Every structure is written in C-alpha cells, then in structure tokens.
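Enquirer: Let me see the structure of the following:
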Amino acid sequence: MGKRGPDPKPTALRILHGDRKDRINDEEPVPPTAEIESPDWASEQAREIWARLAPGLESRGVLTAWDTDAFLVLCEALARYRAATQLVNGSALLVQGGSGLMKNPALVVQAEAERTFLTYASRFGLTPSDRASIKVEVSDADTSKGAGRLLS
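Expert: Next comes the predicted model:
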C-alpha cells in the first residue's frame, strides 16, 4: 500500500509554524552546498534540458547536490518524450506489424516517458499544481514578478 495523506511539511516550515518539539526532526540530513553539474553520462538532449531548467531550481534551493541523479532522470525522460513525439509526428499512428496493423511503438515510448517526467516533475515543482504546495524564499529582485508588482 502506498503512502497515505499529504506529504509531510519540511522541517524548516515546522519550526517556523511553531510545531511541537517532539514532531520536529532535529537530525534531518541537509545536503551540502556544492556546485551542481549535470552528470557526465547524460545524453546531449538531456544536457540541453538541464541547462534550461536547473539554474532556476538551483537558485530557489529546490535542486541540491543530492538531487542530481533524480533530476537527470527527469531530463532524460523529457528528452525521450521529445524524440518519441518527433517519431510519432513523422509517421502514422498505426504501423504494419507481424499480424497486421498495430499501434506505433513510439506511442508507448512517448507515454512511458511522459509518466516518468510527470512523476519526477512533481518532485521538483515543475507543474503549476505542484508549485502551489512548495514554499521557497524569494529575493527582493524576484518580487517584481509576483504580488509586489500588483500592489505598487
């Protein structure tokens, strides 16, 4: 059986909200502040996606040194999705198979890559509904894009 209920609040948020001391994990591991780079075994397409998405996530503290492998899975899944989409767009939805017409195998690859991407994207807050549940510190330079611009 899977995990039930909402995801737990981050420890820093529990402290800010004044949760009881016995509910706060004092020994939660903290990732080191190290330079975050794409692993050398990443495909060229995944490196392009990494270069586009990683800087924003890193600046917000969402992507840490411990997250690089999981984030690379996300980038590789999106790269596979792009490649499968190009194959589907360049061919028919049904292709000739051993026993007649069958679904284009690129559709299966595309669907699997989409599922993998969406699973990992939610972990990094890359979809609008997932961003709504993530709280990060925002610098003064970023307030011009949010509520601050509406109140000026």
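
Enquirer: residues contacting the residue lying closest to residue 105 once chain neighbours are set aside?
Expert: Sequence neighbours aside, residue 95 is the residue nearest to residue 105 in space, at 7.6 Å (criterion: CB to CB, 6 or more residues apart in numbering). Glycine gets a C-beta too; all of them are placed from N, C-alpha and C. For residue 95, the contact set (CB atoms under 8 Å, 6 or more residues apart in numbering) comprises 101, 102, 103, 104, 105.

Enquirer: Give me the average confidence score over the helix or strand hosting residue 95.
Expert: Element membership for residue 95, per DSSP states H and E: strand 94-97. Strand 94-97 carries an average pLDDT of 86.

Enquirer: Tell me which helix or strand the closest residue in space to residue 49 that isn't next to it in sequence sits in.
Expert: Excluding the flanking residues, the one nearest residue 49 by CB to CB, 6+ apart is residue 75, at 4.3 Å. Using DSSP H and E, residue 75 maps to helix 68-89.

Enquirer: which residue ranges form the helices in this structure?
Expert: Ranges of helices within the chain are 11-16, 44-59, 68-89, 105-123, 128-131, 147-151, based on DSSP state H.

Enquirer: Out of those helices, which is the most enclosed?
Expert: Across these, averaging neighbours per residue (mean count of other CB atoms under 10 Å) puts helix 68-89 on top, at a mean of 18.

Enquirer: Give me the angle between that one and helix 44-59.
Expert: For helix 68-89 against helix 44-59, the angle by axes from the mean of the first three to the mean of the last three CA atoms, to 10 degrees is 130 degrees.

Enquirer: Which strands or helices does helix 68-89 pack on?
Expert: Counting contacts by 3 or more CB pairs under 8 Å, 6 or more residues apart in numbering; DSSP states H and E, helix 68-89 is packed against helix 44-59, helix 105-123.

Enquirer: Would you mind checking the average pLDDT for that helix?
Expert: 95.

Enquirer: what's the answer for stretch 32-48, then?
Expert: Stretch 32-48 shows a mean pLDDT of 93.

Enquirer: List the contacts of stretch 103-116.
Expert: Applying CB under 8 Å, 6+ apart, the set of residues contacting stretch 103-116 is 73-74, 77-78, 80-81, 83-85, 87-88, 91-95.
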